[in-house]
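*Asks:* got a structure for you, letters missing:
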């Protein structure tokens with residue numbers, strides 16, 4: 001895990017702590033082989049170049065499903081047809097405290113368009129792209145458990 005980033009229990013509040021930012025995240029599963037989509041964070045954003053599952057912040061009044069549909073249209077140019085809530089993870093990054101609401105997306109319309117200049121990779125375990133964003137690592141563990149996969153879920157950059 002990256003220094004200064006930690007998984008936290010959201011029920012343990014600290015005095016003066018920052019608010020949780022609600023984020024909708026899509027785990028797109030390709031029907032043909034169950035590969036999952038990872039995208040790189042664009043330049044100019046925190047953790048630029050790190051690989052993650054696509055998504056973004058909820059806007060006022062949005063549900064997770066609505067936010068995910070909007071974000072995947074804005075970022076990838078696709079329209080989701082099937083979105084199932086899956087897991088939630090809370091991570092305290094130095095720049096933000098995020099509640100990551102992961103949804104499995106198994107059907108969508110449209111061809112992928114990297115509208116923010118990001119890259120994409122259809123992946124299996126172990127994930128070959130790196131570095132992987134800390135918030136992505138728990139999802140890889142969940143997928144490994146579901147798939148009865150044993151072994152490392154991702155590669156880590158060599159210490160330089």
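*Replies:* Arrived safely, thanks for sending. The model shown is predicted, which means the values in this text are computed figures rather than measured ones.
*Asks:* the strands in the chain, which residues?
*Replies:* Ranges of strands in the chain, per DSSP state E, are 6-7, 20-28, 36-40, 51-52, 55-57, 79-92, 97-109, 120-123.
*Asks:* nearest spatial neighbour of the residue nearest the centre of the chain, skipping sequence neighbours?
*Replies:* Centroid-nearest residue in the chain: residue 53, 3.0 Å away (criterion: C-alpha atoms, centre = their mean). Of all residues not flanking residue 53 in the chain, residue 25 sits nearest, at 4.9 Å (C-beta to C-beta, 6 or more residues apart in numbering). No exception for glycine: its C-beta is placed from N, CA and C like everyone else's.
*Asks:* and the one you found, what pLDDT?
*Replies:* pLDDT, residue 25: 98.
*Asks:* Just grab the bridge partners of it for me.
*Replies:* Bridge pairing for residue 25 (DSSP bridges) gives the partners residue 55, residue 102.
*Asks:* Quick check: beta-bridge partners of residue 97?
*Replies:* Counting by DSSP bridges, residue 97 is bridged to residue 20, residue 92.
*Asks:* Residue 57 contacts residue 68, doesn't it?
*Replies:* No: if you go by C-beta atoms under 8 Å, residue 57 and residue 68 don't touch, sitting 10.9 Å apart.
*Asks:* out of the two, which sits in the more crowded spot?
*Replies:* residue 68 (26 against 13; other C-beta atoms under 10 Å).
*Asks:* Find the nearest non-adjacent residue to the more buried one, please.
*Replies:* residue 24 (3.9 Å).
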